[in-house]
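# Sequence unavailable; structure follows:
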């Protein structure tokens, strides 16, 4: 007859829980890193896109040199 480990449940609920907690934490860290990277990429795209639009408006003489400088400074923040 084989001896039963942990009352016959193998690892038991506590063992499974102890394996799942680090996996869940690892998943949260990965999720946080990916979402932070995506937000950063979107922010860079939107500010460069705004700067391109500003340059186009200046090139078409829709805004003055002073307006261009002021708006460029505001976009860069």
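Yes, it's here. No experiment lies behind these values; they were computed from the predicted model shown.
# list the buried ones in stretch 12-31?
Within stretch 12-31, no residue counts as buried by 16 or more other CB atoms under 10 Å. For the C-beta atoms, the positions are set from N, CA and C on the backbone; glycine is no exception.
# what's the average pLDDT for that stretch?
Taken as a whole, stretch 12-31 has a mean pLDDT of 87.
# Work out the gap between it and the centre of the chain.
Relative to its chain's centre, stretch 12-31 lies at 22 Å (CA atoms, centre = their mean, to the nearest Å).
# what does stretch 65-77 give?
28 Å.
# same deal with stretch 58-74?
32 Å.
# What residues sit buried inside that stretch?
58, 68, 71.
# May I ask you to confirm that the second one is in contact with residue 58?
In other words, residue 68. Yes - counting by CB atoms under 8 Å, residue 58 is a contact partner of residue 68 at 4.5 Å.
# related to what we said a few turns ago, pipe the buried residues of stretch 58-74 into TSV and attach pLDDT, secondary structure and distance to residue 49 per row.
TSV is the format used below for these (pLDDT from 0 to 100; DSSP: H, G, I helix; E, B strand; the rest coil; distance: CB to CB, whole Å):
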residue	pLDDT	secondary structure	distance to residue 49
58	93	helix	15
68	93	helix	16
71	91	helix	14
